[in-house]
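In: I need the structure of the sequence given here:
(chains A and B)
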Amino acid sequence: MDDVIIALNNVSKNFGRRIILEHINLTIKKGESIALLGHNGSGKSTLLRMICGLTNMTSGNIEYTARLKFNYVPEHFPKIDLTAREFIGYMGLIEGMPEKMVNDRSRELFHEFFMDEMMDVPIKHLSKGTIQKVAVIQALLQTPDVLLLDEPLSGQDSQSQMAFINLSKELTNQGVTVVMSCHERYLVKQLSHTAYEIIDKNLMPVNLTGLKEIDYDFMVFDANRDKNIDSSIMAGIEQLNDFENRLELIVRKNMSAEVLKQMLKDDFKLRSMGAKEE
Amino acid sequence: MKNLLRYHIKVYFKSNKLLLPFLIYLIYLCTAYSIMPYSIVSSFSESAWVLFFVMTYVGFSYTEMENPVTEQLVLLKVNNDNLYYMSRITVLLIVGVIMSVMGMLYPVIFNVINHSQLFTRSLMLSDIIFGLFLHCTMGFLGIMTGSLFHPRIIKDRKIAILMVFLVAVLAVAKGSLIKELPLVRLVSWVFPPVYDILVTFTNRDFFCLQMMVMPILGGIIYGTVLMLAQIHFLKKNKF
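Out: This next block holds a predicted model:
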């Protein structure tokens, strides 16, 4: 218990008459990596924001053992007029970093996230996945005590997901506590020590060894704007990334043959496929 | 604070939201001072209450422009809610002072161009100083009135627009309303003291310190209360 830095005691949240979270108890230890699972609207983002004090709780309390520095990656970063370099630069300066350090660190991160060519493009003109990278970069500028991530990997290509996973592992090794909401179940075991699922407004522990039993395949098709993916195979698709020229699918291994057959039948052109690397 | 201000100013200027109120006030100044000669005290008073309306719009539109997501990120970076909210208000105050200076510079320059024929008497340094104070106070009141109707304080934006319009109009028109309905006096103090300030200059030819101190002080106190209320409500109604 010595390492506990945050303790949520009987925390509940209502929006008007609607109960979002009820009697949540959670202890977060230093250097721990926690994943929060749950369907859309289950209260994952609200819980993340309550942990860092951006959202007030309706009842209960949150204890912090020290004054903690939080960084936060929101799920939907807005399309703003500033360029990525301007925004990241200001965030670093506001955080109190010296200008040279901000420039060096942001250049390093832009490179790691394959954004060297897009630094001076206004954020409003960037693609969804690239905008999400800006959201991640601003949170990684300086090492926080706690990093809160709201669906950090959604809409990102596999290379960027891997870059993020490596960075996240590096941070937890440095003693940074990571709490994230995550849709990509296949990534949870790589990113987290502990996982919880929000079911019926309550937090339930998830058995990570259970998640390990699922293997995934990775398929890339040419994007075809005139065609929709057949609904019969959607259950087998864990994640779908729709990029400008290609569709990336993460598919449950036991459904791979079925998904591939249907996609080819529907005239989608296969570009590459393989087992999803961990 | 310096970097926070630079960030807010950059975001604000890139949004072009300031262009419209700036042009409206400039057009007003051009139109109002096209008639000569004009009484100094009444022309400055009129320009000051127009500035109140313009700055109410500026304050309101500024809060509308803010993105709640970037706001949350910056709040966590700053780690000091009061500092963050004060920085936003400071940006608006800077705009208010710039607009006030514009409201004073225009007639001063126009008067020089017209060989001191713009006003019914010659313009003195004290007129400029008192006029600037009056404009700054009205600008401050406008900013605080407009920004109080923040999306996190009044969630229904239609109601917020109606309320800000009503409050701004009643701030100026409450005197006439009290004459018609004396009972209004009981609640008129709720509205910004624009009328209470302007009425002290009615039928005056000169500004003087004694007559200005109390109404201006009242305006500053009222604006400060609105500012504190705004920060309190924003800290209470989080995201």
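In: Okay, buried residues for stretch A:229-239 please.
Out: Under the neighbour-count criterion of 16 or more other CB atoms under 10 Å in any protein chain shown, stretch A:229-239 has A:229, A:233, A:236-239 buried. Yep, even glycine has a C-beta here, placed from its N, CA and C like the rest.
In: Tell me the pLDDT of the closest residue to residue A:142 other than its chain neighbours.
Out: Spatial nearest neighbour of residue A:142, excluding adjacent residues (CB to CB, 6 or more residues apart in numbering or on different chains): residue A:95 at 5.4 Å. pLDDT recorded at residue A:95 is 91.
In: Was I right to think residue A:95 contacts residue B:77?
Out: Yes: contact criterion CB atoms under 8 Å: residue A:95 and residue B:77 qualify, at 4.7 Å.
In: what about these two, which has more around it?
Out: For residue A:95 versus residue B:77, neighbours defined as other CB atoms under 10 Å in any protein chain shown are more numerous around residue B:77 (28 against 20).
In: Going toward the C-terminus from the host helix or strand of the more buried one, what's the next helix or strand?
Out: Counting by DSSP states H and E, the element that carries residue B:77 is helix B:68-78. Using DSSP H and E, the next helix or strand after helix B:68-78 towards the C-terminus is helix B:81-113.
In: just to revisit the earlier point, wait, what's in contact with the residue nearest to residue A:142?
Out: Each residue near residue A:95 by CB atoms under 8 Å, 6 or more residues apart in numbering or on different chains is listed here: A:141-142, B:77.
In: distance of it from residue B:238?
Out: 21 Å (CB to CB, to the nearest Å).
In: go on, residue A:39?
Out: Residue A:39 is 24 Å from residue B:238, by CB to CB.
In: ok, now residue A:29?
Out: Counting by CB to CB, the gap from residue A:29 to residue B:238 is 26 Å.
In: Nearest residue to residue B:204 in space, please, no chain neighbours.
Out: residue B:41 (4.9 Å).
In: What helix or strand is the residue most central in space within chain B located in?
Out: Among the residues of chain B, the one closest to the centroid is residue B:139, at 2.2 Å (CA atoms, centre = their mean). Using DSSP H and E, residue B:139 maps to helix B:125-148.
In: Buried residues of that helix, list them for me.
Out: Buried positions in helix B:125-148, judged by neighbour count with 16+ other CB under 10 Å: B:127-128, B:130-148.
In: Then stretch B:17-27?
Out: So for stretch B:17-27, counting by 16+ other CB under 10 Å, buried means B:17-18, B:21-22, B:25.
In: biggest separation within these, which pair?
Out: Spanning the widest gap among the buried residues of stretch B:17-27 are B:17 and B:25, at 14.1 Å by CB to CB.
In: which helices and strands sit right next to the helix holding residue B:77?
Out: strand A:70-73, helix A:84-95, helix B:2-14, helix B:81-113 (3 or more CB pairs under 8 Å, 6 or more residues apart in numbering or on different chains; DSSP states H and E).
In: Would you mind extracting the C-alpha trace of the helix or strand that the second one is followed by into PDB?
Out: Past helix A:84-95, further along toward the C-terminus, the next helix or strand under DSSP H and E is helix A:99-112. This file holds the C-alpha atoms of helix A:99-112, laid out as PDB (Å, rounded to 0.1, in the frame of the first residue of the first chain):
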ATOM      1  CA  GLU A  99      12.400  27.200 -25.000                       C
ATOM      2  CA  LYS A 100      15.400  25.200 -26.200                       C
ATOM      3  CA  MET A 101      14.200  22.000 -24.400                       C
ATOM      4  CA  VAL A 102      10.800  22.500 -25.900                       C
ATOM      5  CA  ASN A 103      12.200  22.700 -29.400                       C
ATOM      6  CA  ASP A 104      14.500  19.700 -29.000                       C
ATOM      7  CA  ARG A 105      11.900  17.500 -27.400                       C
ATOM      8  CA  SER A 106       9.100  18.400 -29.800                       C
ATOM      9  CA  ARG A 107      11.400  17.800 -32.800                       C
ATOM     10  CA  GLU A 108      12.300  14.400 -31.300                       C
ATOM     11  CA  LEU A 109       8.600  13.400 -30.800                       C
ATOM     12  CA  PHE A 110       7.500  14.700 -34.200                       C
ATOM     13  CA  HIS A 111      10.100  12.500 -35.700                       C
ATOM     14  CA  GLU A 112       9.200   9.400 -33.600                       C
END
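In: returning to what we had before: looking only at neighbour counts, state which of residue A:39 and residue B:238 leads.
Out: Neighbour totals were compared for residue A:39 and residue B:238, and residue B:238 leads with 16 against 11 (other CB under 10 Å).
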